[in-house]
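> just to be clear, the model below is a prediction. Sequence and coordinates:
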Amino acid sequence: MAMSKSSNTYGRTSWEDSEFPILCPTCLGENPYVRMMKEKFGSECKICVRPFTTFRWCPGARMRFKKTEICQTCAKLKNVCQTCLLDLEYGLPIQVRDQALSIKDNIAKSDVNKEYFIQNAEKHLSATDSGVPGIGGSSSGKAHPPSDLLTKLARTTPYYRRNLPHICSFWVKGECKRGEECPYRHEKPTDPDDPLADQNIKDRYYGTNDPVADKLMRRAATLPRLDAPEDKSITTLYVGNIGEKMLEKELRDHFYQYGEIRSISIVSRQQCAFVTFANRMSAELAAEGAFNKLVIQNRRLVIRWGKSQGKQNVPGTSSVEGGAARFDPVPGLPRALPHPEELEHNFFNLPSTQNSYPSQFANPYSSGAPPPPNPNPNQMTSTASDSIGQPGIHYPSQDPTRLGAINKTRQT
């Protein structure tokens with residue numbers, strides 16, 4: 001008579017005995033002195049249905065207790081966390097990772113084939129002590145090069161909100177009497193019609209019908225794009241969120257792969273930098289390769305195109321001629337200073353020619369005769385200004401009598 005599967009002597013040698021679980025930073029928690037309760041062969045794996053060593057711990061204050069759900073063999077086959085079943089490298093569902101990396105999963109799902117597959121996988125794991133790329137046509141995410149889509153969707157820091165307590169069912173009914181001392185959340189539960197409310201651990205592991213993966217794929221389809229500006233002279237990229245400890249060498253070590261760098265300017269006060277390339281093609285390659293996926297010092301950097309430094313229309317200007325903007329006069333302020341050549345006297349010692357003055361600004365003292373003295377310093381005697389209907393000079397420093405230009409007859 002065949003022995004039952006639940007017998008203590010059947011397959012006991014294949015049970016898993018481990019000293020520490022395989023966890024992601026989010027499930028492990030932010031407490032560096034976390035204490036775990038270990039139970040040898042405490043539960044069966046949700047995938048291969050074999051007893052394994054379970055761990056239970058609290059990841060932090062005001063968090064719920066967590067425990068391992070699958071064995072380490074199944075976790076290594078998919079390179080996932082034993083608790084949340086998310087990829088250890090990107091923190092994303094297996095379905096998203098497999099679609100981005102074009103991984104075909106051929107792991108057996110029936111009971112008999114699954115047990116045979118797990119036995120062969122354990123032999124391979126004991127020999128290599130690493131992931132299992134290529135067993136039965138399956139491969140983990142570590143055996144493939146990184147993907148741009150995964151880099152954009154991945155979180156760069158742990159997401160501890162996943163460790164929050166469950167919703168208090170008594171509070172939902174209006175019967176919770178613990179108040180602030182209640183260890184559960186007093187929040188409105190998720191709508192039952194929401195797809196995220198119906199999640200299955202096996203669907204997540206095998207990468208099929210995962211509502212979280214579907215949500216992330218829809219988000220990936222609507223990710224913003226960085227379009228290059230029409231001005232071909234722009235070769236500068238704006239790099240934001242660099243922090244206070246970012247060095248120029250770290251930015252140069254990353255961006256030099258796209259082409260020759262002309263300059264890198266870091267503005268520590270604004271926590272941003274400007275990377276200028278020698279040509280436009282290098283700048284476009286850098287913008288495409290770093291947008292929404294550049295992470296330095298565990299910080300996701302913001303990449304934008306710089307603004308043109310060329311001619312720009314200034315509001316309030318009437319016209320732009322010769323590259324210089326002519327502004328409209330402001331009421332209540334004195335007029336702008338006249339050009340030195342338009343003045344009656346050459347106070348700036350400018351070289352003048354016989355035909356340097358127009359007819360309306362003819363210099364009456366071009367023959368060499370000295371100008372008559374001005375008895376009143378505050379009285380303006382600018383004939384040229386009066387002839388064109390403009391007021392005199394506004395500043396006393398432009399009065400020849402204030403500068404000692406009064407002609408005194410030399411006595412002999």
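That came through fine.
> tell me how far Tyr206 lies from Ile22.
For Tyr206, the distance to Ile22 (C-beta to C-beta, to the nearest Å) stands at 18 Å. (Each C-beta comes from the backbone N, C-alpha and C, glycine too.)
> please apply the same query to Gln199.
Gln199 is 21 Å from Ile22, by C-beta to C-beta.
> looking at those two, which has the bigger crowd around it?
Ile22 (18 against 12; other C-beta atoms under 10 Å).
> correct me, but that one touches Thr73?
No. Counting by C-beta atoms under 8 Å, Ile22 sits too far from Thr73 to count as a contact (10.2 Å).
> list the buried ones in stretch 64-75?
Of the residues in stretch 64-75, those buried by neighbour count under the rule 16 or more other C-beta atoms under 10 Å are Lys66, Lys67, Thr68, Glu69, Ile70, Cys71, Gln72, Thr73, Cys74, Ala75.
> residues contacting Gly42?
By C-beta atoms under 8 Å, 6 or more residues apart in numbering, the residues touching Gly42 are Pro51, Phe52, Thr53, Thr54.
> just confirm it is within a strand.
Yes. Residue state for Gly42 (DSSP: H, G, I helix; E, B strand; the rest coil) corresponds to a strand.
> circling back: which ones among the buried residues of stretch 64-75 map onto helices?
When these are checked against helices (DSSP state H), the matches are Gln72, Thr73, Cys74, Ala75.
> how many residues are close by the closest residue to Val295 other than its chain neighbours?
Spatial nearest neighbour of Val295, chain neighbours left out: Thr156 (5.4 Å); criterion: C-beta to C-beta, 6 or more residues apart in numbering. Neighbour count for Thr156, taken as other C-beta under 10 Å: 10.
> ranges for the helices of the stretch 201-350 of the chain?
Taking DSSP state H, counting those that start in this stretch as the criterion, the stretch 201-350 of the chain carries its helices at 201-206, 211-221, 248-255, 280-290.
> Ile242: which of these is closest?
helix 248-255 (7.6 Å; C-beta to C-beta).
> now do that closest one against helix 280-290, angle only.
100 degrees (axes from the mean of the first three to the mean of the last three C-alpha atoms, to 10 degrees).
> against which helices or strands is helix 248-255 packed?
In this structure, helix 248-255 makes packing contacts with strand 261-267, strand 272-277, helix 280-290, strand 295-296, judged by 3 or more C-beta pairs under 8 Å, 6 or more residues apart in numbering; DSSP states H and E.
> tell me the buried residues in the first one?
Within strand 261-267, the residues that qualify as buried are Ile261, Ile266, counting by 16+ other C-beta under 10 Å.
> that one pairs with which strands, parallel or anti?
Strands that pair with strand 261-267, judged by DSSP bridges, come out as strand 272-277 (antiparallel).
> show me the contact partners of the strand it pairs with.
235-242, 246, 248, 251, 255, 258-267, 283, 286, 306.
> buried subset of these, written for ChimeraX?
This is how ChimeraX selects the buried members of these, with burial counted by 16+ other C-beta under 10 Å:
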select :235,236,237,239,242,246,251,255,258,259,261,266,283,286,306
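> now for Thr53, how many residues are close by?
By other C-beta under 10 Å, the residues close to Thr53 number 20.
> residues contacting it?
Thr53 makes contacts with Glu16, Asp17, Ser18, Lys38, Glu39, Lys40, Phe41, Gly42, as judged by C-beta under 8 Å, 6+ apart.
> will you turn those residues into JSON lines that also has distance to Lys188 and pLDDT?
As requested, the contacts of Thr53 are exported to JSON lines (distance: C-beta to C-beta, whole Å; pLDDT from 0 to 100):
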{"residue": "Glu16", "distance to Lys188": "40", "pLDDT": "87"}
{"residue": "Asp17", "distance to Lys188": "43", "pLDDT": "89"}
{"residue": "Ser18", "distance to Lys188": "39", "pLDDT": "91"}
{"residue": "Lys38", "distance to Lys188": "37", "pLDDT": "95"}
{"residue": "Glu39", "distance to Lys188": "35", "pLDDT": "94"}
{"residue": "Lys40", "distance to Lys188": "40", "pLDDT": "93"}
{"residue": "Phe41", "distance to Lys188": "40", "pLDDT": "91"}
{"residue": "Gly42", "distance to Lys188": "34", "pLDDT": "91"}
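> helix, strand or coil for Thr53?
strand.
> actually Leu196, not the one I typed
helix.
> contacts only, for it.
When contacts are counted by C-beta under 8 Å, 6+ apart, Leu196 touches Thr190, Pro211, Val212, Lys215.
> now the third one. Nearest residue, chain neighbours left out?
The shortest distance from Val212 to any residue that is not its chain neighbour, by C-beta to C-beta, 6+ apart, is 5.3 Å, and that residue is Pro93.
> and that neighbour, how far is that from Pro165?
23 Å.
> picking that back up, of all the helices and strands packed on helix 248-255, which one is nearest Glu181?
Per C-beta to C-beta, nearest to Glu181 of these: strand 295-296, 40.5 Å.
> partner strands of that closest one and their direction?
Looking at strand 295-296 with DSSP bridges, its paired strands and their directions are strand 299-300 (antiparallel).
> which among the helices and strands packed on helix 248-255 is found nearest to Val302?
Among those, strand 272-277 comes nearest to Val302, with 8.1 Å by C-beta to C-beta.
> report the buried residues of the closest one.
Of the residues in strand 272-277, those with enough neighbours to count as buried (16+ other C-beta under 10 Å) are Cys272, Ala273, Val275, Phe277.
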